[in-house]
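> Okay, sequence plus prediction incoming.
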Amino acid sequence: MSNALLQTEARRLPVHERFYSWQGEGCHAGRAAFFIRLYGCPVQCPWCDSAGTWHPEFIPRNIERLPPDELLQEAIDSAAAFVVITGGEPAIHDLSALTDVIRDRGLRCHIETSGAFPLQGTFDWVTVSPKWQKLPLRENVRCANELKLIVEHETSIADWLAWLGDDLRADHVWLHPEWSQRQNRAVLDSINQTIKERGDPFRAGYQLHKLYQVDEQDPRSRPPAPLGGRIHLSRED
Ligand code: SF4
């Protein structure tokens, strides 16, 4: 294989889905965005809602590997001002070629990551959502534009604040009820209480796109595969 061909192959990324929607979470909520969801996640949270990117029961047999130019064309043709690279855990991949193309085309580049791996690429906005299953690198926590803490139970916030310590420097710290716990009164009240007692930078978060079912309106968006806390879930359950 020639060097040029090898380089082209190296730039390809395994893509679970790509679709046009709007950002449903965080500081950019409600803005048009093009999403690129990549395969692979070694973190493996029991309540993952993207199990199709890594869980042996849900991951497809054939995985498409696409070069940055092909991934980006639809984003360029859309009204989106930014591309969100997500997963899975996108930072297990070298994203440099993709982020270069995104920025060359005049779009801004956002990443949503657990923070557990070094970031490879140039990003305009970094969202770190730490997970106990594989803790984030401190450098990623410190450089995050926003943190998204998943509140699974009523002590989650206190547990994360104790772990974060002096690295709690992000301008925005979102407190998201874990989706399967979104009607759990104790979880919601722990968020209410934290925000009312401490004020900024804490903010109440939610996955607004799920309420609007906007992702599903792009036919290339795959149906979510939520584990809901059951790591051993199978397709038949
Ligand atoms: S929630 Fe995110 S970090 Fe956790 S398993 Fe799913 S994709 Fe990986």
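Done, it's in.
> So G24 is in contact with Q213, correct?
No. At 10.4 Å, G24 and Q213 do not qualify as touching, with contact defined as CB atoms under 8 Å. In this view, the C-beta of every residue, glycine as well, is placed from N, C-alpha and C.
> who's more crowded, these two?
Comparing G24 with Q213 by other CB atoms under 10 Å, the one with more neighbours is G24, at 20 against 8.
> separation between the more buried one and A33?
9 Å (CB to CB, to the nearest Å).
> Quick check on R18: phi, psi?
Dihedral angles of R18 (phi, psi; degrees, to the nearest 10) stand at phi -140, psi 130.
> go on, the one 3 residues further on?
Phi and psi for S21, reported as degrees, to the nearest 10, are phi -160, psi -150.
> for the one 5 residues further on, same thing?
Recorded main-chain torsions at G26 are phi 80, psi -160, according to degrees, to the nearest 10.
> How about N3?
phi -60, psi -40.
> pLDDT at it, what is it?
Reading off the confidence values, N3 has pLDDT 74.
> That one and L95, how far apart?
For N3 relative to L95 (CB to CB), the value is 22 Å.
> can you check P118 too?
When P118 is compared with L95 (using CB to CB), they lie 11 Å apart.
> Give me the more crowded residue out of those two.
A count of neighbours by other CB under 10 Å puts L95 above the other of P118 and L95, at 24 against 11.
> doesn't H110 make contact with that one?
No. Counting by CB under 8 Å, L95 stays clear of H110, with 11.5 Å between them.
> can you count the residues close to the residue lying closest to V101 once chain neighbours are set aside?
In space, and not counting its chain neighbours, V101 is closest to P68: 4.0 Å by CB to CB, 6 or more residues apart in numbering. For P68, the neighbour count with other CB under 10 Å is 21.
> how about P68, what does it touch?
Contacts for P68 (CB atoms under 8 Å, 6 or more residues apart in numbering) come out as 11, 13, 97-98, 100-102.
> Averaged pLDDT, the longest helix along the chain. What do you get?
Ranked by residue count under DSSP state H, the longest helix found in the chain is helix 185-198. Averaged over helix 185-198, pLDDT sits at 98.
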